[in-house]
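Undergrad: After the sequence you'll find the predicted model.
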Amino acid sequence: MQSLSVHFLPALMHAESLSGGTAVIIDILRASSTITTALHHGASCVIPCGSQDEAREIRDESAAGSVLLGGERGGVLIEGFDCGNSPTEYPASRVAGKTIAFTTTNGTKALLKSAAAETILIGAFVNRQALAERLRADQRAVYLVCAGTDGEITGEDVLFAGAVVESLLASQQDRWGLNDSARIAQTFWQQSVSGETREALSVGIESAMRQTHGGRNLIDLGYDNDIKLCSAVDSIALVPVLRGNALKK
């Protein structure tokens with residue numbers, strides 16, 4: 001059977017165990033959703049950076065005007081950066097043809113810790129269907145890596161991991177061998193969201209995410225509209241993949 005594992009936090013996995021497999025980085029509110037949106041709107045690539053200084057160095061070493069600085073610390077725009085971590089800040093009019101040097105509190109750290117994987121993808125509700133189709137065509141072990149928030153498990157990441165598990169098992173149940181965390185995530189999804197249409201699922205996802213740690217943080221920061229945007233399931237038909245040091249279509 002093909003291994004399908006969920007890791008609720010990067011700290012709860014042995015990074016070297018991802019070697020030879022496909023890792024899916026999950027930071028639903030909001031890095032995964034924002035990266036996918038930026039590429040959908042024509043950004044040439046998104047470079048994940050472990051620090052603000054690394055992002056600034058990429059900009060300073062590139063042609064003037066070719067790189068935008070994006071990201072957040074504590075959910076808010078970093079001083080001197082062009083964009084924060086909201087999908088609304090990455091319209092085509094701003095990002096088309098640009099490189100985004102991107103650093104966030106949780107998502108980019110999870111990605112960098114998953115470097116041992118042979119392939120690294122970005123997963124979000126907005127590209128769930130496209131991601132599932134790609135994983136069905138992959139014969140390697142799959143690792144769904146939840147970023148969490150400040151070292152704590154967050155419901156929105158686990159919810160999405162469960163949605164992916166549910167989608168993969170729906171068509172090929174006998175193909176996949178799940179770890180216990182994958183079964184827990186699937187159960188959480190089944191208990192939290194229902195609906196037959198994309199619209200109904202989006203409403204259910206938004207409602208569930210408003211109750212999570214990450215959702216409550218965004219509401220407190222005044223970004224509650226981002227929860228709705230990040231709940232728009234299956235609205236983008238691309239999966240960001242890490243090629244070298246950059247995420248691309």
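TA: Perfect, thanks for sending it. Computed from a predicted model, the values in this text were never measured in an experiment.
Undergrad: wait, Thr104 sits on Ser32?
TA: No - using C-beta atoms under 8 Å, Thr104 is not in contact with Ser32; the gap is 9.9 Å. Every C-beta, even on glycine, is put in place using the N, C-alpha and C of the backbone.
Undergrad: Can you pick out the residue with more neighbours from the two?
TA: More crowded of Thr104 and Ser32, by other C-beta atoms under 10 Å: Ser32, with 30 against 26.
Undergrad: any idea which element the more buried one lies in?
TA: For Ser32, the host element (DSSP states H and E) is helix 31-40.
Undergrad: what's in contact with that helix?
TA: For helix 31-40, contacts defined as C-beta atoms under 8 Å, 6 or more residues apart in numbering pick out 25-26, 45-46, 70, 85-87, 89-90, 95, 100, 102, 104, 106-108, 122-127, 147, 226, 229-230, 236, 238-240, 247-249.
Undergrad: from what I can see Ala43 touches Lys98, true?
TA: Yes - if you go by C-beta under 8 Å, Ala43 and Lys98 touch, sitting 5.5 Å apart.
Undergrad: excluding its backbone neighbours, what's nearest the residue nearest the centre of the chain?
TA: Nearest to the mean C-alpha position of the chain, counting by C-alpha atoms, centre = their mean, stands Ser32 at 2.6 Å. Counting by C-beta to C-beta, 6 or more residues apart in numbering, Ala124 is the residue found nearest to Ser32 once chain neighbours are left out, at 3.9 Å.
Undergrad: dump the residue contacts of that neighbour.
TA: Ile26, Ile28, Ser32, Ser33, Thr36, Phe160, Cys230.
Undergrad: Any chance of the residues you listed in JSON lines with pLDDT and distance to Ser171 as columns?
TA: JSON lines is the format used below for those (pLDDT from 0 to 100; distance: C-beta to C-beta, whole Å):
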{"residue": "Ile26", "pLDDT": "98", "distance to Ser171": "21"}
{"residue": "Ile28", "pLDDT": "97", "distance to Ser171": "23"}
{"residue": "Ser32", "pLDDT": "97", "distance to Ser171": "23"}
{"residue": "Ser33", "pLDDT": "97", "distance to Ser171": "25"}
{"residue": "Thr36", "pLDDT": "98", "distance to Ser171": "23"}
{"residue": "Phe160", "pLDDT": "98", "distance to Ser171": "18"}
{"residue": "Cys230", "pLDDT": "98", "distance to Ser171": "25"}
